[in-house]
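**Q** The following block contains a protein sequence and its predicted model.
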Amino acid sequence: MFGSVILETVLGLILVYLLLGLICTAVNELLAQVLRLRAKTLAEGIGNILGDPKNQGLAKFFYEHPLIKAFYRKGDRPSYIPSQAFAITLLDIVTKDHSAQFDQLKEGVNGLGNERVKHVLQLFVERAGGKIENVQAHLEQWFNDSVERISGWYKRRMQLITLCVALGATVLCNADTIAIAKQLASSSVLRAAVVAQAEAVARKAETPSVAMTSENLKELQALGLQIGWEEKQLPQDGWQWSGKIIGLLLTALAASLGAPFWFDMLNKVIRLRSSVATRAPEEKAKS
């Protein structure tokens, strides 16, 4: 019985985290598109690769090259560049006469003013065995390795944005993990209603849509779950406010893990609860 209470309370919390995670996902996607974070991060990465962080030298020539211009519209920067396009463009900029001959490439590399890229290209030329296609292969691998690091930059930025969005959504909804857990643990009627709603969400084949989030939150409020701000529920002293802040932070951290994570967790806990409920009568009969 005690184990069932814990699992049902956890299910209720996971449902709240899932709904807030959906809000985070929607807001993140909107911010990424409006602010063009992928394109800006890639441009920063290209500037770092080419030793031109201000995009006023080699990086500027790179983005003005016709092959790269094909990947974006005027006024924008591309959010993705194939490694082959990067390599061919850089080789064409260095040779200048578009001949793509090894001797011209070697001469162009030696005359390059960008010392960082010059050193890298000289290393690739030395290992190419006189074949320009080998230089291109080295450039493509160099770019792919660099893109992995750039992707790490982007993920860390999005994680920070996600945490900020999760904190904002949590405070707006007053989704206090500690208060919700106490409420669920103390009311079997509320737990049963919330568990039923969680199971209904889990029966869907995919993560619920953002459009369902508001509806589900309203249903939880209608059931009596403490979501939303009410004057009578406000903390009365510093100790209670400390507990409230901790509860909100716990919710924000959980919601920042994202809706897919909590949808998967929801299904796992429901299966575990069903397994426990099935074994309980059998064990009782044996005893």
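**A** Looks like it arrived, so ask away.
**Q** what's the single longest helix in the protein?
**A** Counting by DSSP state H, the longest helix found in the chain is helix 132-173.
**Q** Not counting the following helix or strand past that helix itself, show me its contacts.
**A** Per DSSP states H and E, the first helix or strand lying C-terminal to helix 132-173 is helix 177-186. Helix 177-186 has contacts (Cβ atoms under 8 Å, 6 or more residues apart in numbering) with 5, 8-9, 12-13, 16, 190-191, 194, 224-227, 243-244, 246-248, 250-251, 254. In this view, the C-beta of every residue, glycine as well, is placed from N, C-alpha and C.
**Q** Could you rerun that using 10 Å?
**A** Outside of helix 177-186, the residues within contact range by Cβ atoms under 10 Å, 6 or more residues apart in numbering are 5-6, 8-13, 15-17, 170, 174, 176, 190-191, 194-195, 220, 224-227, 233, 235, 243-244, 246-255.
**Q** For it, what is the distance to the chain centroid?
**A** From the chain centre to the centre of helix 177-186 is a distance of 29 Å (Cα atoms, centre = their mean, to the nearest Å).
**Q** What helices and strands are in contact with the helix or strand just after it?
**A** For helix 177-186, the succeeding helix or strand toward the C-terminus, using DSSP H and E, is helix 188-202. With contacts taken as 3 or more Cβ pairs under 10 Å, 6 or more residues apart in numbering; DSSP states H and E, helix 188-202 sits against helix 2-35, helix 177-186, helix 211-223, helix 259-286.
**Q** By mean pLDDT, show me the worst of the ones you listed.
**A** Of all the helices and strands packed on helix 188-202, the minimum mean pLDDT falls on helix 259-286 (a mean of 76).
**Q** returning to that earlier point: turn the helices and strands packed on helix 188-202 into JSON lines, including mean neighbour count.
**A** Below are the helices and strands packed on helix 188-202 laid out as JSON lines (neighbours: other Cβ atoms under 10 Å):
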{"stretch": "helix 2-35", "mean neighbour count": "19"}
{"stretch": "helix 177-186", "mean neighbour count": "18"}
{"stretch": "helix 211-223", "mean neighbour count": "15"}
{"stretch": "helix 259-286", "mean neighbour count": "14"}
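**Q** Just put these in JSON lines and tack on distance to residue 112.
**A** As requested, those are exported to JSON lines (distance: least, Cβ to Cβ, whole Å):
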{"stretch": "helix 2-35", "distance to residue 112": "34"}
{"stretch": "helix 177-186", "distance to residue 112": "57"}
{"stretch": "helix 211-223", "distance to residue 112": "54"}
{"stretch": "helix 259-286", "distance to residue 112": "46"}
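**Q** who wins for proximity to residue 138 among those?
**A** Residue 138 lies closest to helix 2-35 among these, at 32.0 Å (Cβ to Cβ).
**Q** Run the angle between that closest one and helix 211-223 for me.
**A** Taking axes from the mean of the first three to the mean of the last three Cα atoms, to 10 degrees, one finds helix 2-35 and helix 211-223 inclined to each other by 140 degrees.
**Q** Let me know the angle separating helix 2-35 from helix 188-202.
**A** Relative orientation of helix 2-35 versus helix 188-202 (the same axes, to 10 degrees): 50 degrees.
**Q** Give the other helices and strands that helix 2-35 contacts.
**A** Counting contacts by 3+ Cβ pairs under 10 Å, 6+ apart, helix 2-35 packs against helix 37-49, helix 132-173, helix 177-186, helix 188-202, helix 211-223, helix 238-255, helix 259-286.
**Q** Can you say which of those helices is nearest to residue 25?
**A** Of all those, helix 259-286 sits nearest to residue 25, with 5.2 Å by Cβ to Cβ.
**Q** Contacts only, for residue 17.
**A** Residues in contact with residue 17, defined by Cβ under 10 Å, 6+ apart, are 166, 170, 175, 177, 250-259, 261-263, 265-266.
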